[in-house]
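>>> coordinates only, sequence not included:
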């Protein structure tokens, strides 16, 4: 008997894919900025639109739902971290960890050096911990508080925080995106990092100098010493501020991260320690502290801005972000699973000839992937799969591919409001993505410098090239 093959879904063409993406971008941009429609509602409309297009290709409802579910399953580790970060922030507030950092930070940091030094500290922490989210959720919250007390615009402070946090997310050997990019491109993790040094180092130095120059506009004359003293007094009156005790949760978080303990375990241990310190050392009610892990409430220091800062955190504070992320990831699951992104980029890749154009196209692919799919992980994997043959054809090492993919995906994910990173940064720092994005110099200058260097033939590694840094090649991944 002849074997009956069920009708398989068709692959989308370039034109249909282009129309799909155009409608998504127009819907989000026009609805959000032109009509003021909720981003969650716009994301729902985009889901309906791309679902109808997938249906027109022969996908049934069950199959479309499986595409969304599969994407959400892959993103579950990020979702766990969403929930835990809310509890980390709330527990650090009640343990006095954040209060201690603000108290002493106001004494040690001058307004003129705050942005430059803050950039370095965020970069160091993110490299050590391998997480931009953890850096933003801890040091980022502290710097927002200090910057507010120093009368430095919060979008500028948030831009600095995102720059430093993204540096480690890109360069740390224990970062998930760094390892994912190296693995997807088929290169060694330390060869990947070595390759990124060519473009990331000058970009970071330039970003540091920019923040250093901007910081000169916020010298000592702009610092209200009376306001700083009142903040420190309020903190001292409401918390016991012994650094050797109150900073233990943060130290534990950093140590466990450096030792490559899974993020979920690391954060859970830090939360437990912070809760114990809040109950035993700060002498807070166990019930109020535990309830704060779900929904924190403003403190009563007498300073409204400080009360609001110290009342941040809790699982409920992440709900807006988490729901948006779930919808964006589901949308990305259909776009990726039904082949829309592949169809859109395949025709473009064939026409690319020059190396600089190839790298620029790779970076733009990561950016478009973030816009369409709401998170960097799928964008990294898909870009590596799409562009790898082209890099081999042009005799470029796989580390150049992994570098370019990170410069398109990792670097831009925090600049898009509906990505998991962009939504998380907004929820954590209290500053909208579109407000801080102009000051996230490192995130977009990196792409410009990478393409410019490629145009001049700088930093282009060939497959025959041997690793030049023994420190990288001699270590185990």
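Okay, I see it. Computed from a prediction, not measured in an experiment: that's the story for all the values here.
>>> any weak-confidence spans in the stretch 251-400 of the chain?
305, 309, 321, 373, 378 (pLDDT under 70).
>>> so which strand or helix has residue 179?
helix 176-185 (DSSP states H and E).
>>> need the contact list for residue 241.
By CB atoms under 8 Å, 6 or more residues apart in numbering, the contact set of residue 241 is 96, 99, 100, 103, 235. Where you see a C-beta, it was placed from the backbone N, CA and C, and this is true even at glycine.
>>> next structured bit after the helix holding residue 179?
helix 189-215.
>>> got a list of what the closest residue to residue 385 other than its chain neighbours touches?
Computed as CB to CB, 6 or more residues apart in numbering, the closest residue to residue 385 that is not its neighbour in sequence is residue 184, at 7.3 Å. Contact partners of residue 184, counting by CB under 8 Å, 6+ apart, are 380, 381, 384, 385, 402, 405.
>>> of the residues you listed, buried ones?
Buried members of the contacts of residue 184, counted by 16 or more other CB atoms under 10 Å: 380, 381, 384, 402, 405.
>>> among those, which are in helices?
380, 381, 384, 402, 405 (DSSP state H).
>>> Can you tell me, leaving aside adjacent residues, what's nearest to the third one?
Nearest residue to residue 384 in three dimensions, chain neighbours excluded: residue 184, at 3.7 Å (CB to CB, 6+ apart).
>>> Walking through the stretch 251-400 of the chain, point out its helices one by one.
263-280, 286-292, 304-310, 319-337, 340-351, 355-373, 376-393, 398-408 (DSSP state H, counting those that start in this stretch).
>>> ok, residues contacting the first one?
Here helix 263-280 makes contact (CB under 8 Å, 6+ apart) with 77, 80-81, 84-85, 87-88, 91-92, 94-97, 131, 134, 245-246, 248-250, 252-253, 256-257, 284-286, 289-290, 293.
>>> Would you show me how to pick out the buried ones of those in PyMOL?
Restricted to buried positions by 16+ other CB under 10 Å, the PyMOL selection for these reads:
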select buried, resi 81+84+85+87+88+91+92+94+95+96+97+131+134+245+246+248+249+250+252+253+256+257+284+289+293
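>>> For the host helix or strand of residue 29, list every residue counted as buried.
Here residue 29 sits within helix 14-29, counting by DSSP H and E. Within helix 14-29, the residues scored as buried using 16+ other CB under 10 Å are 16, 17, 19, 20, 21, 24, 27, 28.
>>> quick one on the thing from earlier: tell me the one of the ones in helices among the buried ones among the contacts of residue 184 nearest residue 207?
residue 405 (20.8 Å; CB to CB).
>>> I'd assumed residue 185 was in contact with the closest one.
Yes - in this structure residue 405 lies within contact range of residue 185 using CB atoms under 8 Å: 6.8 Å.
>>> which residues are common contacts for those two?
residue 384.
>>> who's in contact with the most centrally placed residue in the chain?
Nearest residue to the geometric centre of the chain (CA atoms, centre = their mean): residue 421, 3.9 Å. Applying CB under 8 Å, 6+ apart, we find residue 421 in contact with 132, 133, 375, 376, 413, 414.
>>> farthest-separated two in those residues?
Using CB to CB, the pair of these lying farthest apart is 132 and 375, separated by 12.8 Å.
>>> I'd like to know how far residue 193 sits from residue 404.
14 Å (CB to CB, to the nearest Å).
>>> Compare neighbour counts for those two and give me the winner.
Per other CB atoms under 10 Å, whichever of residue 193 and residue 404 has more neighbours is residue 404, with 32 against 22.
>>> helices or strands next to the host helix or strand of residue 158 in the packing?
Assigned by DSSP H and E, residue 158 falls within helix 154-171. The contact analysis (3 or more CB pairs under 8 Å, 6 or more residues apart in numbering; DSSP states H and E) places helix 154-171 against helix 111-129, helix 132-135, helix 141-149, helix 176-185, helix 189-215, helix 420-429, helix 433-436, helix 441-455.
>>> highest average neighbour count across these?
Neighbour counts (mean count of other CB atoms under 10 Å) averaged over each of these peak at helix 132-135, with a mean of 28.
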